[in-house]
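In: Structure, please.
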Amino acid sequence: MTARVQFQYRQLFAWAWCTVLLCGSSVALGDEPAATEPPEADRADGSVMLTIPDVAATSFAPLHESLLPPLAEPIETPPNTPKLLPLATPENESSKAWKDEPLPPLDEELWQHGGSYIYAAEGDRLGWPCKDEHADYELLRLPEDFVDPEPFTLFTQFEGEEPIKQSALHWFGPGAYNWEPRFVAYGSYEASAIAYQQGGTRNDGLGHQLLVDLDLRLTGTERFHVQFRPLGEGDTGGSYYRFSDPAGYVDNSTGVPQRFWFEGELHSMFSGFMDPFAVRDVHMVGGKFPFQLHNQLLMNDEILGTVINKNTLFVGNTSNVNIQAIYAASDVCNVADDNSRMYGTNFSVDYQKVFYEGSYLFVETPDAAGRNQHFAALSRTKLHGQFNYATRAMFKFGDEAGTGSGELFVLETNYTQLMPAHPLGIEFGVAYCNLFYATDGWNSAGGGNFNRLRSAFDVNPLVAISTGATLGENYGASLGIQLFRHNEDESIAPEIAFQTPNGDLVYGFGLRYQLKTGKRTFFEVLGLVNLSDNEALRRDGVFVSETIVF
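Out: Numbers count the residues shown, from 1 in each chain. Have a look, this model is predicted:
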């Protein structure tokens, strides 16, 4: 018996003994003595005899009838009122009838109570069980023959439940982190057709494009990545056969990788020399990689260089402070020189539920004297539930030998609207409105321009047939909505837009349609019609493609 159990027994015994003493020594009602016989002091055993007091009967009746509470009136139960069942009723034959019912077959139980319809949004009857087993319905769950993405992998599975496999190789220093290598090869193949006309010149053809990505992950934060575009070098969009003059096959194939880079985190790579509990969060990337700033408006290019990033900085009431140092040795696609160099910095921060982004870039043009350019930009994004908006101001300085200084001001808004009734199968839509104004002399630091703001003016961003960068004063707007049907398996985005490059008014209508056609395939249609008094700016065309992801 443990000490705690002994202590509990002692407490119980003491409580019982005190109770006996208190009950035995209670004083009787009235004036009678508590004990009729005093204890004998000279008892041989030394014990004390307790006597039970003689308590006379006592009446507890009130002194007056007025002190009694009033009698309650009897409650009459209306007829036909169901009576409450007793707490327990004896079983009979009828009460045990349900026990004799056979259980339904398992497939029927799963169909009625475990089907995909239970995951549908409220009011959505897609996939609802139907009595006719041959009835056509749409499944909201993955089909039973669904196969997870299985690209070509080495060392460990791309997706799976196998344990992490560590290699004997590790990063620098004693006790550094071991590598966990995983190699994945994936990509896509696109077959397309285009019919396009601008300024009276036609460009019709059939083409294809192949993307192959090779990814070697060493740890969770370090990897080597290479992308090939064997059929379409650069941003040509692929190789294609052109039917219009000059007719023939346009070969844009190449064996040179278009993107290649290494990215990693400082603390992970030099863990052998650092405190394992230290927080560094210094990341870097080097090679030829895609780089975008301010929602693709200031920068949307593939640069050859390096970027060093530091996040988790704490300054006042801010959060998610992120600072980047940027250096591009070449391949910056600036209007002055396609082989420009670039130096700069970029920061982003959350402050009181508002997201800010600021940048400074210096673009050096070694092959175009006097065209060096400085860029400063600031963006502010605010979320208001279903409504969001972003304001952007971008400034360009220098370029004395070219177009001079310039500015770009942008307002972007969008609103998400749910459709509980699902008209025409539409579940929700995202409406947007973009406004921009560019002064004379504005151009982006590298790649891009207004294409993302006015998608109605592009047939396919990868095909080099769009208007490209425009110089001179320009302002415009685009208004559209993207509608999603059948659990986002289908998307329709109509848009109207206008702009005034160099004072020439251009307005038009664009449409983007996307449809999931299989487990690894999707279909896309892009179309536009642009009207203008300037014949050179009149355009119409359609682009159709089917893409296979592997």
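In: CA atoms for contacts and neighbours, from now on please.
Out: Will do.
In: Surely residue 308 touches residue 324?
Out: Yes - contact status for residue 308 versus residue 324: in contact at 5.6 Å, counting by C-alpha atoms under 8 Å.
In: The closest residue to residue 439 other than its chain neighbours and residue 375, how far apart?
Out: The shortest distance from residue 439 to any residue that is not its chain neighbour, by C-alpha to C-alpha, 6 or more residues apart in numbering, is 4.5 Å, and that residue is residue 473. In this structure, residue 473 lies at 18 Å from residue 375, with C-alpha to C-alpha, to the nearest Å as the measure.
In: Over to residue 242?
Out: The spacing between residue 242 and residue 375, counted by C-alpha to C-alpha, is 40 Å.
In: cool, residue 298 as well?
Out: Here residue 298 is placed at a distance of 9 Å from residue 375 (C-alpha to C-alpha).
In: ok, now residue 102?
Out: Between residue 102 and residue 375 the computed distance is 78 Å (C-alpha to C-alpha).
In: neighbour count winner among these two?
Out: Comparing residue 102 with residue 375 by neighbour count (other C-alpha atoms under 10 Å), the higher total belongs to residue 375, at 22 against 7.
In: Find me the pLDDT at that one, would you?
Out: Each residue has a pLDDT score; the one for residue 375 is 96.
In: again with residue 202
Out: For residue 202, the model assigns a pLDDT of 88.
In: Same question for residue 40.
Out: The confidence metric pLDDT takes the value 48 at residue 40.
In: between residue 298 and residue 375, what contacts are shared?
Out: Common neighbours of residue 298 and residue 375 are listed as 394, 445 (criterion: C-alpha atoms under 8 Å, 6 or more residues apart in numbering).
In: mind listing what the closest residue to residue 263 other than its chain neighbours touches?
Out: Of all residues not flanking residue 263 in the chain, residue 285 sits nearest, at 4.2 Å (C-alpha to C-alpha, 6+ apart). Residue 285 sits next to 261-264, 306-308 when contact means C-alpha under 8 Å, 6+ apart.
In: Name whatever forms a beta bridge with residue 285.
Out: Residue 285 has these beta-bridge partners by DSSP bridges: residue 263, residue 307.
In: what's the distance between it and residue 271?
Out: Distance from residue 285 to residue 271, by C-alpha to C-alpha: 18 Å.
In: Kindly report the same for residue 363.
Out: From residue 363 over to residue 271 the distance is 36 Å, taken as C-alpha to C-alpha.
In: what do you get for residue 250?
Out: In this view, residue 250 and residue 271 are 51 Å apart by C-alpha to C-alpha.
In: out of the two, which sits in the busier spot?
Out: Between residue 250 and residue 271, counted using other C-alpha under 10 Å, residue 271 has the larger neighbour count: 21 against 14.
In: Check which helix or strand residue 267 maps to.
Out: For residue 267, the host element (DSSP states H and E) is helix 266-269.
In: Can I get that helix as PDB, trimmed to CA atoms?
Out: Output in PDB follows, covering the C-alpha atoms of helix 266-269 (Å, rounded to 0.1, in the frame of the first residue of the first chain):
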ATOM      1  CA  LEU A 266      22.200  30.100 -46.800                       C
ATOM      2  CA  HIS A 267      21.600  28.400 -43.400                       C
ATOM      3  CA  SER A 268      20.900  25.000 -45.000                       C
ATOM      4  CA  MET A 269      24.000  25.000 -47.200                       C
END
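In: Counting by contacts, list what that helix packs against.
Out: Identification of packing neighbours for helix 266-269 by 3 or more C-alpha pairs under 8 Å, 6 or more residues apart in numbering; DSSP states H and E yields strand 282-293.
In: Name the residues of the strand it packs on that come out as buried.
Out: For strand 282-293, the buried set under the neighbour-count rule, 16 or more other C-alpha atoms under 10 Å, comprises 282-289, 293.
In: Check stretch 322-338 too.
Out: Burial within stretch 322-338, assessed by neighbour count using 16+ other C-alpha under 10 Å, is assigned to 322-324, 326-337.
In: List of residues touching it?
Out: Residues external to stretch 322-338 that are found in contact with it (C-alpha under 8 Å, 6+ apart): 301-313, 339-349, 365, 367-368, 371, 402, 443-447.
In: Inside strands: which ones of those?
Out: With strands identified by DSSP state E, the entries of the contacts of stretch 322-338 that belong to them are 301-313, 340-349.
In: and those residues, which are buried?
Out: With neighbours counted using 16+ other C-alpha under 10 Å, the ones in strands among the contacts of stretch 322-338 contain these buried positions: 301-311, 340-349.
In: Just say helix, strand or coil for residue 104.
Out: Taken by DSSP: H, G, I helix; E, B strand; the rest coil, the conformation at residue 104 corresponds to coil.
In: For residue 499, list each beta-bridge partner.
Out: Beta-bridge pairing of residue 499, defined through DSSP bridges, involves residue 476, residue 506.
In: got it, and residue 527?
Out: Taking DSSP bridges, one finds residue 511, residue 542 as the beta-bridge partners of residue 527.
In: Tell me how many other residues surround it.
Out: For residue 527, the neighbour count with other C-alpha under 10 Å is 23.
In: Let me know whether it touches residue 508 as I believe.
Out: No - proximity of residue 527 to residue 508 does not meet the contact threshold set by C-alpha under 8 Å, at 10.7 Å.
In: Can you list the low-confidence ranges for the stretch 401-550 of the chain?
Out: Under the criterion of pLDDT under 70, the regions of the stretch 401-550 of the chain flagged as low confidence span 448-471.
In: Let's see that with 80 instead.
Out: Under the criterion of pLDDT under 80, the regions of the stretch 401-550 of the chain flagged as low confidence span 447-472.
In: Likewise for the chain?
Out: Along the chain, the model assigns pLDDT under 80 to residues 1-150, 157-167, 175, 235, 272, 274, 276-279, 447-472.
In: ranges for the helices of it?
Out: 3-24, 106-113, 266-269 (DSSP state H).
In: quick one: contacts for residue 317?
Out: With contact set as C-alpha under 8 Å, 6+ apart, residue 317 has these partners: 351-352.
In: what sits up against stretch 524-542?
Out: Applying C-alpha under 8 Å, 6+ apart, the external contacts of stretch 524-542 come out as 194-200, 456-460, 504-515, 543-546.
In: Out of those, which sit inside strands?
Out: 194-198, 506-515, 543-546.
In: Which of those residues are buried? Put it as a ChimeraX command.
Out: The ChimeraX command for the buried members of the ones in strands among the contacts of stretch 524-542 (criterion: 16+ other C-alpha under 10 Å) is given here:
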select :194,195,196,197,198,506,507,508,509,510,511,512,513,514,515,543,544,545,546
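In: For residue 258, give me its contacts.
Out: The neighbours of residue 258, taking C-alpha under 8 Å, 6+ apart as the test, are 226-229, 233-234, 288.
In: ok, so of the buried residues of strand 282-293, who is nearest residue 255?
Out: Using C-alpha to C-alpha, residue 288 comes nearest to residue 255 of the buried residues of strand 282-293, at 15.7 Å.
In: contacting residues around the closest residue to that closest one other than its chain neighbours?
Out: With sequence-adjacent residues excluded and distances taken as C-alpha to C-alpha, 6+ apart, residue 288 is closest to residue 304, at 4.2 Å. With C-alpha under 8 Å, 6+ apart as the criterion, the residues that contact residue 304 are 286-289, 328-332.
In: Output those residues in a markdown table, with distance to residue 187 appended to each entry.
Out: Formatted as a markdown table, the contacts of residue 304 follow (distance: C-alpha to C-alpha, whole Å):
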| residue | distance to residue 187 |
| --- | --- |
| 286 | 22 |
| 287 | 20 |
| 288 | 18 |
| 289 | 17 |
| 328 | 27 |
| 329 | 28 |
| 330 | 27 |
| 331 | 24 |
| 332 | 25 |
